[in-house]
Structure formats: structure tokens, C-alpha cells
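> Build the 3D model from these lines:
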Amino acid sequence: MKNMTCWKRRLLPIGAALLIPGPGWAQGTDAVATATSGSMELVYLLLAVAVLQVGIVLSLSSVLRALGGTGTVAANFFKGRKTAVLLALGGGAAAGDLHAATGLTTPLVTVNGLMWWMIVLNIVLFAIIVVQLSVVRGMTRLLTGQPDIDAPAAPTGPSFVDSILQRLTRSVKVEQEKDVLIQHDYDGIRELDNVLPPWWLWLFYGTIIWSVVFLLNVHVFDLWPTGEEEYRQEMAEAKAEVEAYLKKSAGTVDENNVTALTEEAAIAGGKATYDAFCKACHGGAGEGGVGPNLTDDHWKHGGGIQNVFKTIKYGVPEKGMIAWKAQLKPTEIQAVASYILKLHGTNPPNAKAPEGDLWTGAGAAAPADTRSAPADSTAATAIH
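Predicted coordinates:
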């Protein structure tokens, strides 16, 4: 009695503790409840199997007791402790259900942890049942006086490999083919009535078993996502990757989204780039030289920030200007194009005569040369 009371004192607090919510709340209770609902269904199924196995253990213990055996350890353990054990199991399931429904955390168990504990418990109970059945079988033979089965004689037939092949194919030996020969022929061709190979049947049965597992996990317990859900998840991941890429490349400047810079630091950087790469052909003040004048209203390839940016980027190899995209960054081309636009109307001395078409802004005179992006060249620079 004292021992039983001790066990109750140990198990009852555990069951009670499993039912008492912990101090914290899980993040996103709705998402947690949705994600773990299928797991709780599996937990309840495992709990039902465990209760069934406990009943079988107790029944076998009664049989052993009736046969006069001493293998009643399981019965002695559960005797007087059934309430405590059921409280512990029920408390764990209720706590897991509470965790799944509300996201409330518990100090001793989570839904996944409870599921694995139930699996381990069922394995242990199954092992106990197997041992008890073995003992009952031995005691039955002893009481009925049946002798033990003699040990098999040493094998004298085919080797182990031959036996495996025979089991996998069930092939008929050549000398025995007359037994499976079908009594008809077509143009001298005879047919054997062989059975289907076991390996083929195992694959067929395996597909049936897998279909049942898939059906339960996808459409009953909702443990695995459906094909439609997998498609949506993959599309969401792909969309997130595209958005991340676009966000990362949002700062990239090209001839389609370039804008003129007005900050003094940017204009100063553009002047430094102009002095390093453009001054030799267009003059120190943009008055022109080998290249056209950059300060008047006439442009060979269109004015405005986008046209100037495009001309610098791709160059005009047929007129002797290289493509600077291989040597200058897009931000550097934007800065030097903005500086060139600042030179408009400065009227430097020794300015070269106007060339190209008059440009008065967007929608005015069209550029004279509507070429596609050319390849790089190492010729001299000529923007205008």
C-alpha cells in the first residue's frame, strides 16, 4: 500500500503539471494551431492504441496467473496505479491539445514531444505483449506435454544465393517446364504458365501501401502538404526571391531610369571623370575639338540626360567614340552626363560650330542617328 501511494504521488503531479499551462505564450497562436492540428490527431490515435495495449497486457497477465506462472510484473505494476497512469496519459494529450489550439506553452511537453513519447510508449507496450505471448506459449506447451520442435537438419539443398533467387523469381527449372507448359502452340511457339515474380508483386503491393500512407498523411491527418499547397509554397518562395532580387538591383542605373543629378558632390565627381576621359576630345570647357561642342543647343545623338547617358555608355564607334560602359560604372556615367548638361549655355571661348540637330527638350527634334547599342571600341571619345 505504501509503495502504491508512492507511485501515485509521483505520477499524479506529472499529470497535473501537464495540464497546467506554462508562463509563456507561443508566437502566432493561429499558425501554431493550424500547423499542429494534424499532429494532435495522431497523438490521440497513438493514445488509443496505448490504452488498447495496456488492456492486452493486463489480460495476458491474467492468463499467466491462471496458468500458475509468475510473470505478472505488468499486472502488479498497473494494479492500483491505473488511475494515475490514465491521468498522466490523458493529461499529456489534453496539454498537447491545449498547446495546439491556443499556442500556450507547457513546462513539460509539446505536441511533437508528446507524439514521440506516445510512439515510444507503444513500442514498449508491444515488446511487453510479445514477451508475454512467448511465455504463454511456452507454459501451454509445458502443461499440454507437447515436445519442442526439433532443430532443423543441416541444409543439403541449394545455396543461400540460389534460394534468394528462387524466392525472388519463382522460376521453374528446365527439367520441370513440362509441368507448366500450356497445351497450345502458334507456329511452333509454346507458352509456359509461369507465376508473376514475387519482386514485381512486392512492388505492386508497395504502391498500394504507399497510397494508403499518402492518403492518411495528406487528406486525413494533414501532416503533409497537398500538391496544390506545395505549388503555392514554391510560387511564394519564387516570388520572394524575385522581389529580393529586384530590391537588390533597384539602385542600378541605366538609360531608361537615369535622372540628372544636381548635388554639388555629384557634379564635382562628374567633372573629375570628364577631365580624365572626355577633355581630350571635347575640350576642357566643352567647347569641342575632335569631338563636337557640348555647350550649344545642337546634338548629334539627342540631348537630355537619357540620350547623353546612352551615348556615353554605348559610344559611337563609327564616329570614333568608344563605349565607356566597360570602364565606367553606371553611377559614374550618370555623374559625367549630369556635368555635361551643366555646361549648356556657358559659351566658352573658341567654341566649335554647332553640329547635329537642334534639341529643345523631350519630344523636340529627334536624334539624327537612331542606332542600336554598338560594341566597344578603343577609338577616341566623341559624345555630342
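> which stretches of the stretch 251-384 of the chain form helices?
With helices called from DSSP state H, counting those that start in this stretch, the stretch 251-384 of the chain shows them at 264-277, 279-282, 304-314, 330-342.
> Could you measure from the residue nearest to Trp324 when sequence neighbours are not counted over to Gly291?
Closest residue in space to Trp324, ignoring its immediate chain neighbours: Ile312 at 5.3 Å, by CB to CB, 6 or more residues apart in numbering. Every C-beta, even on glycine, is put in place using the N, C-alpha and C of the backbone. As defined by CB to CB, to the nearest Å, Ile312 lies at a distance of 12 Å from Gly291.
> Low-confidence regions, this structure specifically.
Along the chain, the model assigns pLDDT under 70 to residues 1-39, 68-110, 145-157, 249-251, 361-384.
> hmm, who's touching stretch 331-347?
Stretch 331-347 is contacted from outside by 253, 258-262, 266-267, 269-271, 273-274, 277-278, 285-286, 294-297, 304-305, 308-309, 312-313, 324-325, 328, 383, using CB atoms under 8 Å, 6 or more residues apart in numbering.
> which of the residues in that stretch are buried?
Judged by neighbour count (16 or more other CB atoms under 10 Å), stretch 331-347 contains these buried residues: Glu332, Ile333, Gln334, Ala335, Val336, Ala337, Ser338, Tyr339, Ile340, Leu341, Lys342, Leu343.
> Nearest to Ile189, out of the residues you listed: which one, please.
Comparing these against Ile189 with CB to CB places Ile333 closest, at 80.7 Å.
> show me what contacts Leu60?
Counting by CB under 8 Å, 6+ apart, Leu60 touches Ala74, Ile129, Gln132, Leu133, Val136.
> wait, is it part of a strand?
No: Leu60 sits outside any strand when classified using DSSP: H, G, I helix; E, B strand; the rest coil, being helix.
> Check the gap between it and Leu121 for me.
17 Å.
> hmm, back to that, mind checking which of the contacts of Leu60 are in helices?
If you go by DSSP state H, the contacts of Leu60 have Ala74, Ile129, Gln132, Leu133, Val136 in helices.
> Out of these, who's the most crowded?
Neighbour count (other CB atoms under 10 Å) singles out Gln132 as the most crowded of the ones in helices among the contacts of Leu60, with 23 neighbours.
> In this structure that one contacts Ser59, no?
No: the pair Gln132 / Ser59 is not scored as a contact, 9.3 Å apart, by CB atoms under 8 Å.
> any idea how far Gly288 is from Pro348?
The gap separating Pro348 from Gly288 is 9 Å, by CB to CB.
> okay, these two: which has more neighbours?
A direct count of neighbours by other CB under 10 Å for Pro348 and Gly288 places Gly288 higher, at 23 against 16.
> show me what contacts the closest residue to the more buried one other than its chain neighbours?
Leaving aside its sequence neighbours, Gly288 sits nearest to Lys352 (CB to CB, 6+ apart; 3.0 Å). The contact partners of Lys352, by CB under 8 Å, 6+ apart, come to Gly283, Glu287, Gly288, Gly289, Pro292, Asn293.
> can you pull out the strands in this structure?
Here the chain has its strands, by DSSP state E, at 181-186, 189-192, 298-299, 357-358.
> how about the ones you listed in a markdown table, adding distance to Ser211 and mean neighbour count?
Below are the strands of the chain laid out as a markdown table (distance: least, CB to CB, whole Å; neighbours: other CB atoms under 10 Å):
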| stretch | distance to Ser211 | mean neighbour count |
| --- | --- | --- |
| strand 181-186 | 34 | 9 |
| strand 189-192 | 32 | 10 |
| strand 298-299 | 72 | 21 |
| strand 357-358 | 74 | 15 |
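> could I get those as TSV with distance to Leu67?
Formatted as TSV, these follow (distance: least, CB to CB, whole Å):
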stretch	distance to Leu67
strand 181-186	55
strand 189-192	53
strand 298-299	110
strand 357-358	113
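> thought Arg170 was touching Pro198?
Yes: using CB under 8 Å as the test, Arg170 is close enough to Pro198 to be in contact (6.2 Å).
> quick one: which of Ile312 and Gly291 has more around it?
Neighbours per residue (other CB under 10 Å) separate Ile312 from Gly291, with Ile312 holding more: 27 against 24.
> show me what contacts that one?
Trp324, Leu328, Ile333, Val336, Ala337, Ile383.
> Can you name the two of those residues that sit furthest apart?
Largest separation among the contacts of Ile312 by CB to CB: Leu328 and Ile383, giving 12.6 Å.
> Neighbour count: these two, which is higher?
More crowded of Leu328 and Ile383, by other CB under 10 Å: Ile383, with 25 against 18.
> which one of the buried residues of stretch 331-347 sits closest to Lys319?
For those, the nearest to Lys319 is Ile340 (16.7 Å; CB to CB).
> got the domain boundaries for this protein?
2-144, 166-220, 264-358 (automatic domain parsing).
> could those domains be laid out in JSON lines, adding distance to Glu237?
As requested, these are exported to JSON lines (distance: least, CB to CB, whole Å):
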{"stretch": "domain 2-144", "distance to Glu237": "17"}
{"stretch": "domain 166-220", "distance to Glu237": "20"}
{"stretch": "domain 264-358", "distance to Glu237": "30"}
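> Let me know which of those is tucked in deepest.
Most buried of the domains of the chain by mean neighbour count (mean count of other CB atoms under 10 Å) is domain 264-358; its value is a mean of 19.
> Tell me the backbone dihedrals of the nearest residue in space to Gln233 that is not next to it in sequence, please.
What sits nearest to Gln233 in space, not counting adjacent residues and going by CB to CB, 6+ apart, is Pro225, at 6.9 Å. Dihedral pair for Pro225: phi -70, psi 150, per degrees, to the nearest 10.
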